[in-house]
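S.K.: Here is a sequence together with a model predicted from it:
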Amino acid sequence: MVINFGSKLNNFSGKTYKFRVSNVGMSTSFNFRIQGHLLKIIEVEGSHTIQESYDSLDVHVGQSVTVLVTLSGSISDYIIVASSRFTDPIVLTTTATLRYSGSNSKAHIPLPSGPATN
């Protein structure tokens with residue numbers, strides 16, 4: 001799993017950002033989430049969709065989704081997580097940091113949990 005902007009992404013509180021999340025290299029689905037933030041789906045596979053908000057979403061093999069994320073939390077760092085699905089007991093996880101501009105505090109641990117694996 002690759003997060004293309006590197007390990008840290010600097011952004012401004014109150015702004016809304018668009019993320020395009022694609023599963024191009026996994027042989028299984030993965031779950032994508034951003035600590036303390038909702039993901040509003042605006043597009044799936046290039047087609048507009050009913051805009052619903054979720055705290056995490058599954059991206060299946062070969063699928064791309066586009067989400068809007070409004071930075072409405074306190075100025076801090078937040079963890080972005082992508083973890084494999086349906087691979088129990090082995091779960092592959094990668095992380096990055098969403099940093100609000102002006103943040104001097106680290107993201108809270110533990111990682112935001114994904115959906116149940118059973």
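M.R.: Received it, and whenever you're ready, just let me know what you need.

S.K.: number of nearby residues for residue 50?
M.R.: 6 (other Cβ atoms under 10 Å). (C-beta placed from N, C-alpha, C; glycine too.)

S.K.: Report the secondary structure state of it.
M.R.: Following DSSP: H, G, I helix; E, B strand; the rest coil, residue 50 is assigned to coil.

S.K.: Residue 74 too?
M.R.: Secondary structure, three-state DSSP: residue 74 is coil.

S.K.: Contacts only, for it.
M.R.: Contact analysis of residue 74 by Cβ atoms under 8 Å, 6 or more residues apart in numbering lists residue 100.

S.K.: What pLDDT is listed against it?
M.R.: Here the pLDDT value assigned to residue 74 is 88.

S.K.: Residue 1 too?
M.R.: Looking at residue 1, the pLDDT reads 46.

S.K.: what's the answer for the one 3 residues further on, then?
M.R.: Taken from the predicted model, the pLDDT recorded for residue 4 is 53.

S.K.: What helix or strand is the residue nearest the centre of the chain located in?
M.R.: With distances taken as Cα atoms, centre = their mean, the residue of the chain nearest its centroid is residue 33 (3.4 Å). Taking DSSP states H and E as the criterion, residue 33 maps to strand 30-34.

S.K.: Could you list every helix and strand that that strand packs against?
M.R.: Where contact means 3 or more Cβ pairs under 8 Å, 6 or more residues apart in numbering; DSSP states H and E, strand 30-34 is packed against strand 56-59, strand 77-84.

S.K.: 10 Å instead, please
M.R.: Counting contacts by 3 or more Cβ pairs under 10 Å, 6 or more residues apart in numbering; DSSP states H and E, strand 30-34 is packed against strand 16-22, strand 56-59, strand 64-70, strand 77-84, strand 93-100.
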